[in-house]
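Engineer: I'd like to go over a predicted model; first the sequence, then the structure.
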Amino acid sequence: MKTILIVPTYNEYDSIGELVPMLLALPVEPVVIVVDDNSTDGTGELADTLSDNFRGRVLVIHRPAKLGLGTAYLAGFARALDEQVDAIVTMDADFSHHPRYIPAMVDMLNAGYDLVIGSRYVPGGATPDFPLSRRMLSWCANTFARTMLGLQARDTTAGFRCYRRSVLESLPLDTIFSSGYSFLVEMLFMVQRAGYRVGEVPITFEDRKQGQSKISQQEILKAIYTVMRLAILRLSLWLRR
């Protein structure tokens with residue numbers, strides 16, 4: 001399957017120069033789209049250099065400010081759908097989503113799934129670097145989303161995903177309200193509600209070795225709001241039936 005990888009960046013200079021060549025060396029022979037939110041550490045300029053060095057295989061979208069993870073994915077989706085590709089992968093730039101799992105995710109898509117999640121919470125998945133507090137936070141977030149929204153996937157908040165092109169073409173992406181990490185829950189809700197087949201590939205999630213996590217308390221509150229908003233929508237749709 002022809003594959004595009006969407007990699008949002010904000011101050012990822014220390015990792016993007018190593019990550020992109022690793023992605024391009026994968027057997028799926030992908031094209032990489034870097035979506036940079038006006039990084040202050042030179043990430044955008046380095047992405048441009050990589051684009052020059054790997055002409056036609058690295059595309060760069062420059063945005064004027066830090067506008068949120070969800071809108072970065074939407075910008076990447078719009079650019080990816082202009083290309084003749086079958087699979088569209090989203091991932092982090094800090095090696096927490098390791099490139100080695102991408103071929104298995106694409107293979108699973110090729111086997112008939114419509115969305116494949118690189119999952120920490122299916123048998124074989126792991127989060128060895130998480131302290132107990134973060135394990136509890138992640139477990140609570142996933143349990144809350146799965147319970148309130150009826151989601152079947154075990155890892156509802158994972159950003160490591162492989163979408164079939166036709167899925168993204170069919171969804172009303174312009175109606176998505178969320179802009180931050182809660183965008184991931186809303187996307188999964190939309191995919192499942194549309195009746196698409198969701199699968200999960202186990203991954204070992206390795207916490208970033210450089211820089212700091214971009215998940216803030218505000219993002220957590222936004223995620224809670226998103227789940228409650230979608231739960232009300234789910235209930236209203238059920239009552240109409």
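Structural biologist: Cool, the structure landed. Just so we're clear, the structure is a prediction, and the values are computed from it rather than from any experiment.

Engineer: ok, residue 124 to residue 94 distance?
Structural biologist: Here the criterion is Cβ to Cβ, to the nearest Å. By it, residue 124 lies 22 Å from residue 94. Glycine gets a C-beta too; all of them are placed from N, C-alpha and C.

Engineer: between these two, which one's more packed in?
Structural biologist: Set side by side, residue 124 and residue 94 show more neighbours around residue 94, with 21 against 11, by other Cβ atoms under 10 Å.

Engineer: you'd agree the more buried one is up against residue 10?
Structural biologist: No: between residue 94 and residue 10 there is no contact under Cβ atoms under 8 Å: 10.6 Å.

Engineer: SS state for the most centrally placed residue in the chain?
Structural biologist: Nearest to the centroid of the C-alpha atoms of the chain, with distances taken as Cα atoms, centre = their mean, sits residue 159, at 2.9 Å. Following DSSP: H, G, I helix; E, B strand; the rest coil, we place residue 159 in the coil state.

Engineer: what's the answer for the one 10 residues further on, then?
Structural biologist: Three-state secondary structure (criterion: three-state DSSP) places residue 169 in helix.

Engineer: contacts for the longest helix along the chain?
Structural biologist: In the chain, ranked by residue count with DSSP state H as the criterion, the top helix is helix 217-240. Helix 217-240 is contacted from outside by 137, 141, 144-145, 148-150, 157, 177-178, 180-182, 185-186, 189, using Cβ atoms under 8 Å, 6 or more residues apart in numbering.

Engineer: cool, stretch 110-123 as well?
Structural biologist: 1, 87, 91, 97, 101, 105-106, 108-109, 125-127, 138, 142, 153-155, 158, 160-164, 166-167, 188, 191, 196-203, 205.

Engineer: with stretch 166-186 instead?
Structural biologist: Contacts for stretch 166-186 (Cβ under 8 Å, 6+ apart): 67-71, 73-74, 77, 80-81, 88, 114-115, 145, 149, 151, 156-159, 161, 187, 190-191, 194, 196, 215, 219, 222-223, 225-227, 229-230.

Engineer: what about it, start to end distance?
Structural biologist: Using Cα to Cα, to the nearest Å, the end-to-end distance of stretch 166-186 comes to 18 Å.

Engineer: what residues are bridge-paired with the nearest residue to residue 155 once chain neighbours are set aside?
Structural biologist: Closest residue to residue 155 apart from its sequence neighbours, by Cβ to Cβ, 6 or more residues apart in numbering: residue 119 at 3.9 Å. Beta bridges link residue 119 to residue 202, judged by DSSP bridges.

Engineer: repeat that for residue 87.
Structural biologist: Bridge pairing for residue 87 - DSSP bridges - gives residue 3, residue 164.

Engineer: you'd agree it is up against residue 2?
Structural biologist: Yes: Residue 87 lies in contact with residue 2 (Cβ under 8 Å); the separation is 7.2 Å.

Engineer: strands of the chain, start to end?
Structural biologist: Using DSSP state E, the strands of the chain run over residues 3-9, 31-36, 58-62, 87-90, 115-119, 161-164, 198-202.

Engineer: could these go into CSV alongside distance to residue 133?
Structural biologist: Listed next are the strands of the chain as CSV, based on distance: least, Cβ to Cβ, whole Å:
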stretch, distance to residue 133
strand 3-9, 26
strand 31-36, 30
strand 58-62, 35
strand 87-90, 26
strand 115-119, 21
strand 161-164, 26
strand 198-202, 23
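
Engineer: nice, that's everything, thank you.
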